[in-house]
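Participant: Following is a predicted model, sequence given first.
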Amino acid sequence: MKLTRLLLPLGLTATLLAGCAGGVEPQYPPKELKDFPATVELDERWSQDIGEGLGRAQYPLTPLVDGGTIYAVDQTGDLRAIDTDSGDTQWEVELGTPISSGIGADPGRLYLGTRNGEVLAVDRTDGSIAWRSRVSSEVLAPPQVNSQLVIAQSVDGAVTALDRADGQEKWVYSSSMPALTLRGTGTPRTIDPVTFAGFANGRLVTLDNRSGQPLWDMRVAVPQGRTEVDQLVDLDGQPVLTRDGRLFVTSYNGRLVALEATSGKVLWERKESSYLTPLVVGNYLFTVNAASHVLAIEADSGRVMWDADTLEGRWLTSPAFVDGNIAVGDYQGYVHLLDATTGEMSGRVHVSGSGLTLPLLTGDKRLYVYANDGRLVAYDLKTVEP
């Protein structure tokens, strides 16, 4: 299969496209990796093989780390709870349905989306299914929760609110969809009063969680160019909300914007194409653009602090922060560490020849990596002595 981010014509499933060669030709050929003096070593602590992994379609089955347990699922529905220190399996269940999303959670349950358009609520203690609810189409984004609702965004542009207790539908918001989109959907950001949701039409909408009615919406990216491919403006990354009420949003072929969350007022913006979720650490915003440059940006002003092009064209994952480093995975299955202060390479390890497409998960000086073929590995970070 070509090195592409697959496209999803409206009405086709990701499975149908999994083996095809269609998509966007890589504009940036992947750079060869070069040796560097490592300052951080990635020491494998444990590993497990999680069933069939992401499958041929590379479903975005991002695991969840919480309270000393990592929860991981494969595309067939093999769900496991694993101790983060030892790597021992605490419990394992077969859900009996193909899974297509990453894992959302509240203190008592896990929430997963399926290929046949369902949301499952699963008990965290034993993996039993508490309820299952039908939504309008396949769910690729991990369901999000607040104190009362489970919010699921499906590939047809609908956002559905379900009652957290029993899965009953509370409201549905539907957006218009272009004829061609990136394979994937935005992941909503949900808090008690509102849900922030980005769509393939380039719009960001703030929904009132009481009714599903939009409070405000704005166009983050405007379609340009002659072809449908040129006009892709998907908001596939998850909006990032800070405690002081700022919202950071990326878009493909569009902008990186900082907004006032209550009103949608633009605080700053810069032209930057990205389909990945950015990361806020202190007053720094880290993002990976469509060329696979890793950027550090001053969150208050939008000023670029550094722009690392060392990994250009290597189809990086979303950035993660661990012990002073930015961690990303690439299409050849390498994990790369960059010093968060300077952008210089600090460490590297090869995980799997199947490649890495999911965000890396972090703990205290620890990194969890789920490869496309289902290999789940925990690495401890250790400083290299000079």
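Facilitator: Arrived safely, thanks for sending. Note that the structure is a prediction, hence the values are computed from the model and not measured. Numbering: from 1, shown residues only.

Participant: what ranges of the stretch 151-300 of the chain fall below the confidence cut-off?
Facilitator: Along the stretch 151-300 of the chain, the model assigns pLDDT under 70 to residues 176-184, 221-234.

Participant: Strands of that one, start to end?
Facilitator: Here the stretch 151-300 of the chain has its strands, by DSSP state E, counting those that start in this stretch, at 158-163, 169-174, 180-182, 189-190, 194-198, 203-208, 214-219, 240-241, 246-249, 255-260, 266-271, 279-281, 284-288, 294-298.

Participant: Between those strands, which one is closest to Gly53.
Facilitator: strand 180-182 (21.3 Å; Cβ to Cβ). For every residue, glycine as well, the C-beta is placed using N, CA and C.

Participant: Any idea how many residues pack against Val172?
Facilitator: When neighbours are counted by other Cβ atoms under 10 Å, Val172 registers 14.

Participant: now do Val220
Facilitator: Val220: 24 neighbours (other Cβ under 10 Å).

Participant: quick one on the thing from earlier: among the strands of the stretch 151-300 of the chain, show me which one is buried the most.
Facilitator: Most buried of those, by mean neighbour count (mean count of other Cβ atoms under 10 Å): strand 194-198, with a mean of 25.

Participant: Quick one: list the elements packing against it.
Facilitator: strand 158-163, strand 189-190, strand 203-208 (3 or more Cβ pairs under 8 Å, 6 or more residues apart in numbering; DSSP states H and E).

Participant: now do 6 Å
Facilitator: strand 203-208 (3 or more Cβ pairs under 6 Å, 6 or more residues apart in numbering; DSSP states H and E).

Participant: Give the pairing partners of the strand it packs on; include direction for each.
Facilitator: Here strand 203-208 has these sheet partners by DSSP bridges: strand 194-198 (antiparallel), strand 214-219 (antiparallel).

Participant: which residues touch stretch 135-142?
Facilitator: 60, 100-104, 113, 115, 117, 152-156, 158, 160, 184-185, 187 (Cβ atoms under 6 Å, 6 or more residues apart in numbering).

Participant: export stretch 141-148 as PDB, just CAs?
Facilitator: Output of stretch 141-148 as PDB, limited to C-alpha atoms (Å, rounded to 0.1, in the frame of the first residue of the first chain):
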ATOM      1  CA  ALA A 141     -13.300   8.600  17.600                       C
ATOM      2  CA  PRO A 142     -13.100   7.400  21.200                       C
ATOM      3  CA  PRO A 143     -16.500   8.300  23.000                       C
ATOM      4  CA  GLN A 144     -16.100  11.200  25.400                       C
ATOM      5  CA  VAL A 145     -17.900  11.600  28.700                       C
ATOM      6  CA  ASN A 146     -19.000  14.200  31.200                       C
ATOM      7  CA  SER A 147     -21.000  13.700  34.400                       C
ATOM      8  CA  GLN A 148     -24.200  12.700  32.600                       C
END
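
Participant: what distance separates it from the centre of its chain?
Facilitator: When distances are taken as Cα atoms, centre = their mean, to the nearest Å, stretch 141-148 is centred 15 Å away from the chain's centroid.

Participant: I'd like to know the average pLDDT value across that stretch.
Facilitator: Across stretch 141-148, the average pLDDT comes to 97.

Participant: mind listing what's buried in it?
Facilitator: For stretch 141-148, the neighbour count (16 or more other Cβ atoms under 10 Å) marks Ala141, Pro142, Pro143, Gln144, Val145, Asn146 as buried.

Participant: Is the last one in contact with Asp192, as I believe?
Facilitator: It stands for Asn146. Yes. Using Cβ atoms under 6 Å, Asn146 is in contact with Asp192, at 4.8 Å.

Participant: Can you name the residues that contact the nearest residue to Val40 once chain neighbours are set aside?
Facilitator: Ranked by Cβ to Cβ, 6 or more residues apart in numbering and with sequence neighbours excluded, the top spatial neighbour of Val40 is Gly347, at 3.7 Å. Counting by Cβ under 6 Å, 6+ apart, Gly347 touches Ala38, Val40, Leu42, Leu337.

Participant: Filter those residues down to the buried ones.
Facilitator: Val40, Leu42, Leu337.

Participant: For burial, what's the neighbour tally of the closest residue to Trp315 other than its chain neighbours?
Facilitator: Counting by Cβ to Cβ, 6+ apart, Trp315 lies nearest to Tyr331, which is 4.0 Å off, once chain neighbours are set aside. By the criterion of other Cβ under 10 Å, Tyr331 has 19 neighbours.

Participant: Alright, that wraps it up for me.
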